[in-house]
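[1] Return a 3D structure for these sequence lines:
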Amino acid sequence: MPRTPSRRTALRGLAAAGAAVIGFDPSARGWAVTETGRPLRHLPKLDGTLRTDAAALSAAAEDFGHIVHRRPAAVLRPGSVRDVVAMIRFCNAHGLRVAPRGQGHATNGQAQVEGGLIIETAPLDAIGPVGSGGTTVTVGAGAKWSDVARATLAHGLTPPVFTDYLELSVGGTLSVGGLGGQSHRHGAQTDNVTELQVVTGAGELVRCSPVRHRDLFLAVLAGLGQCAVVVGATVRLVRAPETVRHYLLPYDDLRTFLDDQRRLVRDQRFSYVEGQITPDASGAFRGYAIEAVAYGPPAGSTPDDTVLLRGLRHDPSGAQITDLGYYDFLDRLAPGVAALKEAGLWSYAHPWLNLLLPGRGAADLAGPLLDALTPADLGPGVVLLYPLLRERLRTPLLRMPDDPVPYLFAVLRTTPPQDAATVERLLAANRSAYDTVHAAGGTQYPVGSIPFGRADWRRHFGPEWARLAEARTTYDPRGLLTPGQGIF
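    I've put the predicted structure just below:
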């Protein structure tokens, strides 16, 4: 039997000088080899590839935030779920940290790992047939929501909740929650999962659900990757509309805007409700607009403007009402994203602020934060403020304010990455905003860039902390998974 290599030896093997794409070569008697033919011993046989070249490592050391940079030792592009199992077991044997990475849309290094293994889930993108009765579909963790939507719409069906940007992976959004304009009706994306297929931190492939390995199921949904790597999910489906009516309703008063939003989600008169805030001519963020969508047949009735807008106090002269195809509505950000990429702004730093405000104090909390915001600090970004219904949000680890109608407040900043002083100042502002909101009973939605330590995470999870910590000990006993979150 060959001697088990040390962690240092394993790292040297993974990051061997000159190594590029590592794959299984039968002629090497079970060893992996570099593209130069040099064997690297003790690595498992893989269906996919393991990369240690500079380009792959540099790409994995970046994310959409362009703030944190942690260079891994290797990047796995799995050819199968078996590869994920094999490499997590290998990392257990050698004490190497592991982080799954979907579309790399994290903003603060959440899916990075220094000197460890990145598992790219993008190759695990299979979309299975719609289940019996048309109520579910099983998809790979690397599938993008845009592809899931197109596949299910071919059957007249759709997942009930989408984030605004569709080019995110299923596994990625399920690890944080997945909130959107439909959440006031259907909860988070995590509330619409009936089963998960995961590889635990111990390297075990497990199916879990509300009735099977329930503790693991609840620890993975919105669990920030601390107990297992999601490799597949079964998602609930509902009937899809063919067309929608999209309303953009302007307001000039924050409290009126918030009160009307609250009325809409309580009345359930729209299928989708969000809100945007833009600067006025003076640069003050006082331009409020409710974005609301009514679904048409067969998922809903033909929209009636008079009924849907009754009692609202927006400025009717500025209202914009448009009929769209359902997928065109879901993918409405695509042209704007393409323009940002064309202009080079997609590669800017994104020190995002994402908070969940108690509804009873939403105006008092959001008002000062908006007063302090400048167009220069937002850049070509977006400010969102919209309500949720607490009773529809049932995922325990998706921490919500204790309020029946909490609000998501998101300041999605974009700033030049080379301006390190500005990035640091905005991160400090994010932390200050969080502290103010937390003192009032709010929480963070953990997709943004708020400096957080272990004590902060313990406080964030509150009464759920003990269960998450127990699941971590049970399913990732060596504490290898997703260190970039800084939770344990």
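
[2] which secondary structure elements does the longest helix anywhere in the chain contact?
    Looking only at the chain and at elements set by DSSP state H, the helix with the highest residue count is helix 420-439. Other elements packing on helix 420-439 under the criterion 3 or more CB pairs under 8 Å, 6 or more residues apart in numbering; DSSP states H and E are strand 353-357, helix 362-372, helix 375-378, strand 443-444. From N, CA and C alone the C-beta is placed, and that goes for glycine too.

[3] Try it again at 7 Å.
    Packed against helix 420-439 by the contact rule (3 or more CB pairs under 7 Å, 6 or more residues apart in numbering; DSSP states H and E) you find strand 353-357, helix 362-372.

[4] Which residue ranges make up each domain of the chain?
    7-120, 127-239, 243-451 (automatic domain parsing).

[5] quick one, which of those is packed in tightest?
    The highest mean neighbour count among the domains of the chain, using mean count of other CB atoms under 10 Å, belongs to domain 127-239: a mean of 21.

[6] mean confidence score for the longest helix of the chain?
    For helix 420-439, the mean pLDDT works out to 98.

[7] which residues are in contact with it?
    Contacts with helix 420-439, where a contact means CB atoms under 7 Å, 6 or more residues apart in numbering, come from 67, 349, 351, 353, 355, 357, 365, 369, 377, 413, 415, 444, 448-451.

[8] about what we covered before: looking at the helices and strands packed on helix 420-439, which is nearest to residue 286?
    Each of the helices and strands packed on helix 420-439 has some distance to residue 286 by CB to CB; the shortest is helix 362-372, at 7.7 Å.

[9] The helices and strands packed on helix 420-439 into a markdown table, with extra columns for distance to residue 440?
    Output for those, formatted as a markdown table (distance: least, CB to CB, whole Å):
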| stretch | distance to residue 440 |
| --- | --- |
| strand 353-357 | 8 |
| helix 362-372 | 6 |
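
[10] Nearest to residue 243, out of these?
    Nearest to residue 243 among the helices and strands packed on helix 420-439 is strand 353-357 (31.0 Å), distances taken as CB to CB.

[11] gap between residue 236 and residue 117?
    Look at residue 236 and residue 117: by CB to CB, to the nearest Å, they are 32 Å apart.

[12] and residue 210, what does it touch?
    Each residue near residue 210 by CB under 7 Å, 6+ apart is listed here: residue 217.

[13] now residue 117
    Counting by CB under 7 Å, 6+ apart, residue 117 touches 72-74, 76, 87, 91, 96, 98.

[14] So residue 409: helix, strand or coil?
    Under DSSP: H, G, I helix; E, B strand; the rest coil, the three-state class of residue 409 is strand.

[15] State the pLDDT value of it.
    Per-residue confidence (pLDDT) for residue 409: 98.

[16] how much space is there between the residue nearest to it when sequence neighbours are not counted and residue 269?
    Among residues not flanking residue 409 along the chain, residue 355 sits closest, at 4.7 Å (CB to CB, 6 or more residues apart in numbering). Relative to residue 269, residue 355 is positioned 26 Å away (criterion: CB to CB).

[17] element containing residue 266?
    helix 254-267 (DSSP states H and E).

[18] dump the residue contacts of the residue nearest to residue 409.
    With contacts defined as CB under 7 Å, 6+ apart, residue 355 is in contact with 409, 433-434, 437, 442, 444-445.

[19] So of these, which two are at opposite extremes in space?
    Farthest apart among the contacts of residue 355 by CB to CB are 433 and 445. That separation is 12.7 Å.

[20] pLDDT below threshold where in the protein?
    1-41 (pLDDT under 70).

[21] ok, 50 please
    Residue ranges of the chain with pLDDT under 50: 1-5, 13, 15-40.

[22] And the residue nearest the centre of it?
    Residue closest to the average C-alpha location in the chain (CA atoms, centre = their mean): residue 173, at 3.4 Å.

[23] check which helix or strand covers that one.
    Taking DSSP H and E as the definition, one finds residue 173 inside helix 170-174.

[24] outside of that helix, which residues touch it?
    100, 102-103, 105, 121, 139, 141-143, 145, 148, 163, 189-190, 193, 221, 230, 233.

[25] taking those one by one, which sit in helices?
    145, 148.

[26] Sitting in strands, which of the contacts of helix 170-174 do you find?
    Of the contacts of helix 170-174, the ones assigned to strands by DSSP state E are 100, 139, 193, 230, 233.

[27] want to try JSON lines for these, with distance to residue 307 as columns?
    Output for the ones in strands among the contacts of helix 170-174, formatted as JSON lines (distance: CB to CB, whole Å):
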{"residue": "100", "distance to residue 307": "46"}
{"residue": "139", "distance to residue 307": "36"}
{"residue": "193", "distance to residue 307": "34"}
{"residue": "230", "distance to residue 307": "41"}
{"residue": "233", "distance to residue 307": "37"}
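
[28] So of these, which two are at opposite extremes in space?
    Longest span within the ones in strands among the contacts of helix 170-174, CB to CB: 100 and 193, 16.6 Å.
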